[in-house]
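Q: here's my sequence, what's the structure:
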Amino acid sequence: MTELIDSIKALAGGEANITSFASDDSSVRLVVKDRSKVRLEQVRVLDGVAKATLISSALKCTFVKEGKELMGKYHELAGEILSNVGGIENVKSLRHCITRLRFSLKDESLANDEVISNLDGVIQIMKAGGQYQVVVGAKVDDLYNELLDEYQVPGVGTVDADDEPAAEEDDGKKSPLHSLMRTISGVMTPVLMPMAAAGMLKGLAAFFASLGLISATDGIYQLMYAVGDGFFYFLPIILGYTSSKHFGCNEFTGMVLGIAFMYPNMVSLSSGDALGTLFAGSAFEMNYYTTLFGIPVIYPLSGYTMSVFPIIISTYFAAKFEKALRNNLPDLIRNFAAPAIVFAVMVCVQYVIIGPVASLATSLITFVVNSIYSIPTIGGPLCCLVIGGIFSTLVMFGLHWAMMPISLGNMANLGFDPLVGSGIGGFVGLGQGLAVALRTKNERTRGIAIPALVSQFCGVGEPLLYGIQIPSKFLYVQNIVFSAIGGLACGILGVKQFTNGGMGFFSLPSFVDPVSNDAYCMYAYAAVLAVLMIVAFIFTFATYHDDGCYLGKSRSEVGK
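A: Predicted coordinates:
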């Protein structure tokens, strides 16, 4: 095995061309700097290699064991899905998110909806944004890799890259809202899990401090807080990377622009004496501490830490600029001149134009949100009622991405997000799902409900939403009503979220104030969720009947 791996490395361009390497008994995966140096055909004919694929810069080789190719546990399901979407010849590209395989098909009419919907392991199918989406839950990564590695389906990963397959999806007929949602989704999806983990560590540190178990001076507190708070502090650099992947430019271009926003000397400018102030005394107040050719270099009071839109917009224009330069500069100087020109121009543009304009827009959103929330007696409860009630519907249409930048903006400007309610529907769903699992006599329904409960506990709600609630219709409406009531209760109690951390039950520590270590909001939120789960369980257990759930039935049976 060692000799085989050494041979693969050599044919991949040698150690100098390999940036990462991982292997197990069944396969080896490595990422290369220059894919042109990989001799793929020679790798494929190596004795002991069953399959070899080179996708983007990742080379994966599956080994042969005892004369037989090792198959993944989802090999058969992946083949059934592929066959019933019209085969590989009907697939333009495949991408995936947390729970869905997202096919871009040449002819969607060739897909057999009924067969795919009834495959064991498939929860639901959706058709949106020019994509044929197969909801499969937590096994999405395994199925995606199986389709790419074993069936040679062209894949583009978790990021909706601005490449040819993505561009063809809607044949150019995309609404501005769809394009905006797709951009936010493509940029934010890759960072969701690391963001959740970082926020959870930050929240847990504050929670343990509130219990007196640790103090803010302890090493464990400082280290965990460094990870948790550091992720959000340097978020523009992280989003610079994902934005570059999405817009199709060099990943380091976006990162460098993010670094420019976070450079210590620029950040420290705001601690000195301002040369002038714009919109003084208003919610949009911005100071400037230096000038560029006489033009004020404006720095918002909240700075650019935790900011989202400035770096995304900057990277978008940088990608266009970089592409134009690479197409027009002489080959001899293109590789170093293009990034140098992009950096020099875009850093000036982002500080003088993009940053201030994006910050004004963010401040406007924060101002409107805070103004409504601050309406005496009814403001807070009304906002949270609406968000709690509509969030599941936003998820269904992919519009929930619009809430994340707003939430991060509130935390950056206010220190907290008062618009809680986004996670309430998931906890209501836990009560509903448990009742369905205990009440149903339909094995297929139970087979979907039990794993969906595990996913929902961890904060991934699509399996329960698409597999149980929406097909039942009544459960979906019931979830909306209970979630709205929960949002109303949170608004009345003044619950606030202080960091975007954790998912499902692991989100609770994000309601602890990391400044004062006050855990009131967490306890109030937990109490609301506990009551809702119990009520949802009792109500669903008392009212649910399989006749109201169409899972496991054919369309002809549903119509009877």
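Q: give me the most central residue, this structure.
A: Thr189 (2.2 Å; CA atoms, centre = their mean).
Q: from Tyr132, how far out is that residue?
A: With distances taken as CB to CB, to the nearest Å, Thr189 is found 18 Å from Tyr132. In short, each C-beta sits where N, CA and C put it, glycine included.
Q: next one: Ala226
A: Counting by CB to CB - Ala226 and Tyr132 are separated by 43 Å.
Q: give me the more crowded residue out of these two.
A: For Ala226 and Tyr132, the more surrounded residue by other CB atoms under 10 Å is Tyr132, and the numbers stand at 23 against 14.
Q: the more buried one should be in a strand, yeah?
A: Yes: applying DSSP: H, G, I helix; E, B strand; the rest coil, one finds Tyr132 inside a strand.
Q: that one pairs with what?
A: Counting by DSSP bridges, Tyr132 forms beta bridges with Phe103, Lys127.
Q: hang on, it packs against Leu105?
A: Yes: taking contacts as CB atoms under 8 Å, Tyr132 lies within contact range of Leu105: 5.2 Å.
Q: is it true that the residue nearest to the centre of the chain lies in a helix?
A: Yes: assessed by three-state DSSP, Thr189 belongs to a helix.
Q: my guess is it meets Thr99, correct?
A: No: under the criterion of CB under 8 Å, Thr189 makes no contact with Thr99, lying 11.6 Å away.
Q: model confidence for the residue nearest to the centre of the chain, exactly?
A: With respect to pLDDT, Thr189 scores 72.
Q: ok, now the one 4 residues further on?
A: Among the per-residue scores, Met193 shows a pLDDT of 71.
Q: can you tell me how far it sits from Gly423?
A: Separation of Met193 from Gly423 (CB to CB): 16 Å.
Q: so for the two, which residue has more residues nearby?
A: Gly423 (24 against 12).
Q: gap between that one and Ile184?
A: Going from Gly423 to Ile184 by CB to CB gives 19 Å.
Q: number of residues surrounding Ser282?
A: Counted with other CB under 10 Å, Ser282 comes out at 10.
Q: which helix or strand contains it?
A: In the assignment (DSSP states H and E), Ser282 maps to no helix and no strand.
Q: mind checking pLDDT for it?
A: For Ser282, the predicted pLDDT is 73.
Q: now Val477
A: Reported pLDDT for Val477: 90.
Q: how many other residues sit next to it?
A: Neighbours of Val477 (other CB under 10 Å): 11.
Q: which ones are touching Glu89?
A: By CB atoms under 8 Å, 6 or more residues apart in numbering, the contact list for Glu89 reads Lys106.
Q: that one and Lys106, how far apart?
A: Taking CB to CB as the measure, Glu89 falls 8 Å from Lys106.
Q: can you pull out the helices in the stretch 451-560 of the chain?
A: 462-464, 470-472, 474-493, 520-543, 555-559 (DSSP state H, counting those that start in this stretch).
Q: pick the most deeply packed of the ones you listed.
A: helix 462-464 (a mean of 26; mean count of other CB atoms under 10 Å).
Q: picking that back up, mutual contacts of Tyr132 and Leu105, please.
A: Joint contacts of Tyr132 and Leu105 (CB under 8 Å, 6+ apart) are 85, 111.
Q: tell me the confidence at the nearest residue to Phe457 once chain neighbours are set aside?
A: With CB to CB, 6 or more residues apart in numbering as the criterion, Phe457 has its nearest non-adjacent residue at 5.2 Å, and that residue is Gly504. pLDDT recorded at Gly504 is 75.
Q: please apply the same query to Tyr550.
A: On the pLDDT scale, Tyr550 gets 40.
Q: surely Ser215 meets Tyr221?
A: Yes: when contacts are counted by CB under 8 Å, Ser215 is listed as touching Tyr221 (6.7 Å).
Q: so which of these two has more stuff around it?
A: Tyr221 (19 against 11).
Q: OK, contacts around that one?
A: Tyr221 touches 205, 208-209, 214-215, counting by CB under 8 Å, 6+ apart.
Q: and these, which are buried?
A: Buried residues within the contacts of Tyr221, defined by neighbour count using 16 or more other CB atoms under 10 Å: 205, 208-209, 214.
Q: nearest to Ala526, of the residues you listed?
A: Phe208 (16.0 Å; CB to CB).
Q: need the contact list for the closest one.
A: Shown in contact with Phe208 (CB under 8 Å, 6+ apart): 214, 221.
Q: mind checking how far it is from Asn500?
A: For Phe208, the distance to Asn500 - CB to CB - is 19 Å.
Q: cool, and Gly281?
A: Distance from Gly281 to Asn500, counting by CB to CB: 31 Å.
Q: and those two? Which one has more around it.
A: Asn500 (26 against 7).
Q: grab the nearest non-local neighbour of that one.
A: That would be Gly199: by CB to CB, 6+ apart, it lies 5.0 Å from Asn500.
Q: domain map for this protein?
A: Here the domain parsing of the chain from automatic domain parsing is 2-69, 75-171, 234-373, 379-559.
Q: any idea which of these gets closest to Ser179?
A: domain 75-171 (9.3 Å).
Q: picking that back up, farthest pair within the buried ones among the contacts of Tyr221?
A: Ala205 and Ile214 (7.4 Å).
Q: which of the domains of the chain sits most buried?
A: Most buried of the domains of the chain by mean neighbour count (mean count of other CB under 10 Å) is domain 379-559; its value is a mean of 20.
Q: what's the offset of that one from the middle of its chain?
A: When C-alpha coordinates are averaged (CA atoms, centre = their mean, to the nearest Å), domain 379-559 and its chain have centres 18 Å apart.
Q: from memory Val297 sits against Asn287, does it?
A: No: look at Val297 against Asn287 with CB under 8 Å: they stay out of range, at 10.1 Å.
Q: so how far is stretch 137-150 off the chain centroid?
A: That offset, for stretch 137-150, works out to 18 Å (CA atoms, centre = their mean).
Q: actually stretch 290-302, sorry about that
A: On CA atoms, centre = their mean, the centre of stretch 290-302 falls 33 Å from the chain's centre.
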